[in-house]
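Visitor: fold the following, please.
(one chain, ligands or ions: 1)
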Amino acid sequence: MKGYLIDMDGVIYRGSQLIPGAERFIAELKKQDIPFLFLTNNSQRTRRDVATKLKGLGIDVGEEHVFTCAMATARYLARQKPNGTAYVIGEGGLLTALHKNGFSIVDKNPDFVVVGEGRTLTFEMFETALSMIMNGAKLIATNMDPNCPVAGGGTRPGCGAIVSMLEAASGLKAFSVGKPSPIMMRGARKEMGIAAEDTIMIGDTMETDILGGVQVGYKTVLVLSGGTRREDLGKFAYGPDKIVNSLADISHAKLTQEFFPAPVIRTVRRGTNGASPKKLEFAAASGD
Ligand SMILES: [Mg+2]
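Guide: This is a model prediction of the structure:
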């Protein structure tokens, strides 16, 4: 069984516009019961909120098909410090995920300062977070995306920009859990229940989706319907397995044929002593 991890912004939609081909591709996966998860580095919404947004755009999926960096972060922190405490710069998606994983949200002496997306950030929050970090709280980033696209073609500062300010002020480095961190890439795959070598990552961002997939050994597909242009690719020392204009250019059937070709079966006849022919299998692609 193969499975897909699919980035959303720039792959499925841009702002509030569905990207042509997305609906058909997801319908194909659903029809054939192919496992897939939408993967987002936006910690603002809960997985249910994300599923509701997708439904509004015409992609009818349940919340079990959504995996956010807020979930990855909360699960990771629960393993690091069960029933820990956090001061949060972020919104509902991150707060809900931390609560679900046994964390308490506090405004004094937290174990962690956790930074996600949000529009309610104030300088006072920066000040509070900084003094907590100086007093020993660990700085955790849900992701390090420097900026994010907004509807209408503009950009807004991303979680990484907020974290950079705290890093500069404290002189300490944050630990980031979202894409391309193997923590999120592996967590999503485990949630889907598919082996690494059978996992295909589809995304529009080289620094997160493609790097994340390359690092953990997934097949990677870059779509040019988002933030990356073909001429940008020369800047990177790694590359995707396949580049397409958008989801309109791929199908599950064609991708699996290309990425996982069936073994070539040759029949070898041995001598003339009447022994039955032996079948030898050769993998179409040589292994390592
Ligand atoms: Mg994207």
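Visitor: tell me which residue of the stretch 151-288 of the chain lies closest to the ion.
Guide: Residue of the stretch 151-288 of the chain nearest the ion, by C-beta to the ion: residue 204 (4.4 Å). In short, each C-beta sits where N, CA and C put it, glycine included.
Visitor: the nearest residue to that residue once chain neighbours are set aside and residue 202, how far apart?
Guide: Spatial nearest neighbour of residue 204, chain neighbours left out: residue 226 (2.6 Å); criterion: C-beta to C-beta, 6 or more residues apart in numbering. From residue 226 across to residue 202, the span is 11 Å (C-beta to C-beta, to the nearest Å).
Visitor: so if I had to pick from these two, which one is more boxed in?
Guide: residue 202 (28 against 22; other C-beta atoms under 10 Å).
Visitor: residue contacts, the more buried one?
Guide: 4, 5, 6, 7, 11, 209, 220, 221, 223, 247, 250 (C-beta atoms under 8 Å, 6 or more residues apart in numbering).
Visitor: in terms of contact, does the last one touch residue 221 like I think?
Guide: Yes: contact between residue 250 and residue 221 holds when scored by C-beta atoms under 8 Å: they sit 6.8 Å apart.
Visitor: out of the two, which sits in the more crowded spot?
Guide: residue 221 (27 against 20).
Visitor: please, which helix or strand holds that one?
Guide: strand 219-223 (DSSP states H and E).
Visitor: strands paired with the helix or strand following that strand, and their directions?
Guide: Using DSSP H and E, the helix or strand that directly follows strand 219-223 along the chain is strand 242-244. Note on strand 242-244: by DSSP bridges, its sheet partners are strand 219-223 (parallel).
Visitor: contacts for the partner strand?
Guide: With contact meaning C-beta under 8 Å, 6+ apart, strand 219-223 is reached by 10-11, 199-204, 206, 209-210, 213-214, 228, 240-247, 250, 255, 259.
Visitor: what is in contact with residue 226 and residue 202 at once?
Guide: What both residue 226 and residue 202 touch, as defined by C-beta under 8 Å, 6+ apart, is the set 7, 11.
Visitor: among the contacts of residue 202, which are in reach of the ion?
Guide: When contact is defined as C-beta under 5 Å from the ion, the contacts of residue 202 meet the ion at residue 7.
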